[in-house]
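# Pasting the sequence and the predicted coordinates here, then a few questions.
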Amino acid sequence: MRSFASDNNSGVHPLVMEALNRANIDHSLGYGDDKWTEEAVAKIKETFTPNCVPLFVFNGTGSNVVALQLMTRPYHSIFCAETAHIYVDECGSPVKMTGCQIHPIATPDGKLTPELMQPYLHGFGDQHHSQPRALYISQCTELGTIYTLEELKRLTDFAHLNGMYVHMDGARIANACAALNLSLKELTVDCGGA
């Protein structure tokens, strides 16, 4: 049986299993002090930017939660499309772990724009309102749409002008890179990330 619900439902590619078997032959230091982690960190820095600090987590929910925790404090708010994974599917984990309010915004296609976000950005400096701090987007979106490079640049510029960080859920980022014929760096760091 084949399931396209998630890559978590599938076995790994045979080349991945071969690499795991090769790595499993010898002893290694734990807690990230092994040669495999060092090689992975070097490759990630080469792919994105030397300034990035990779954090390895178990799954996508963990990745989203850790990234959003690093960007926010409990008095902040996180904005996302109403179809966003952190709002619809992650069983309240981002809210529980960050303490932040999540503000879903209706979109016609799963993609946020500055125009859709602007009416929700208020309360800056008001102690009675959660403070806008993070923008969560999915690339590709949960509806299968893809932000163009221009849309991403415009959205990240808007967020940064409003004092907000941008978190891109990368569960389907390889699909977006292939569809747009862009590298991971071009689709993230070069359009206003990191």
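Perfect, I can see it now. Since the model is a prediction, treat every value here as computed from it, not as a measurement.
# Walking through the protein, point out its strands one by one.
For the chain, the strands defined by DSSP state E cover 76-81, 101-105, 131-138, 165-169.
# what angle sits between the third one and strand 76-81?
When you say that, I think you mean strand 131-138. If you take axes from the mean of the first three to the mean of the last three C-alpha atoms, to 10 degrees, strand 131-138 sits at 30 degrees to strand 76-81.
# Partner strands of strand 131-138, with direction?
With DSSP bridges as the test, strand 131-138 is paired with strand 76-81 (parallel), strand 165-169 (parallel).
# Okay, now the unreliable bits of the protein?
1, 3-7, 193-194 (pLDDT under 70).
# At the geometric centre of it, which residue sits there?
The residue lying closest to the centre of the chain (C-alpha atoms, centre = their mean) is residue 169, at 2.6 Å.
# Can you name the residues that contact that residue?
Contact partners of residue 169, counting by C-beta atoms under 8 Å, 6 or more residues apart in numbering, are 60, 63-64, 84-86, 136-139. No exception for glycine: its C-beta is placed from N, CA and C like everyone else's.
# Buried deepest among the strands paired with strand 131-138, which one?
strand 76-81 (a mean of 23; mean count of other C-beta atoms under 10 Å).
# re earlier: out of the strands of the chain, the one nearest residue 157 is which?
For residue 157, the closest of those is strand 165-169, at 9.9 Å, according to C-beta to C-beta.
# what distance separates the closest one from the centre of its chain?
Distance of strand 165-169 from its chain centroid, counting by C-alpha atoms, centre = their mean, to the nearest Å, is 5 Å.
# ditto for stretch 98-114
Averaging C-alpha positions (C-alpha atoms, centre = their mean) puts stretch 98-114 14 Å from its chain's average.
# Which residue ranges make up each domain of this structure?
11-56, 58-191 (automatic domain parsing).
# can you redo the ones you listed as JSON lines with distance to residue 2?
Formatted as JSON lines, the domains of the chain follow (distance: least, C-beta to C-beta, whole Å):
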{"stretch": "domain 11-56", "distance to residue 2": "11"}
{"stretch": "domain 58-191", "distance to residue 2": "17"}
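# Single out the most deeply packed of the ones you listed.
domain 58-191 (a mean of 17).
# And the contacts of residue 169, which is closest to residue 72?
Looking across the contacts of residue 169 and measuring by C-beta to C-beta, the closest to residue 72 is residue 136, at 10.5 Å.
# give me the beta-bridge partners of the closest one?
Note on residue 136: beta-bridge partners residue 167, judged by DSSP bridges.
# Point out the one among the strands of the chain that comes closest to residue 50.
The nearest among the strands of the chain, by C-beta to C-beta, is strand 165-169 at 19.4 Å.
# In contact with residue 191, which residues?
Neighbouring residues of residue 191 by C-beta under 8 Å, 6+ apart: 149, 152-153, 156.
# again with residue 48
184-185, 188-189, 194.
# need those in TSV with distance to residue 47, can you?
What follows is these, written out as TSV (distance: C-beta to C-beta, whole Å):
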residue	distance to residue 47
184	5
185	6
188	9
189	9
194	11
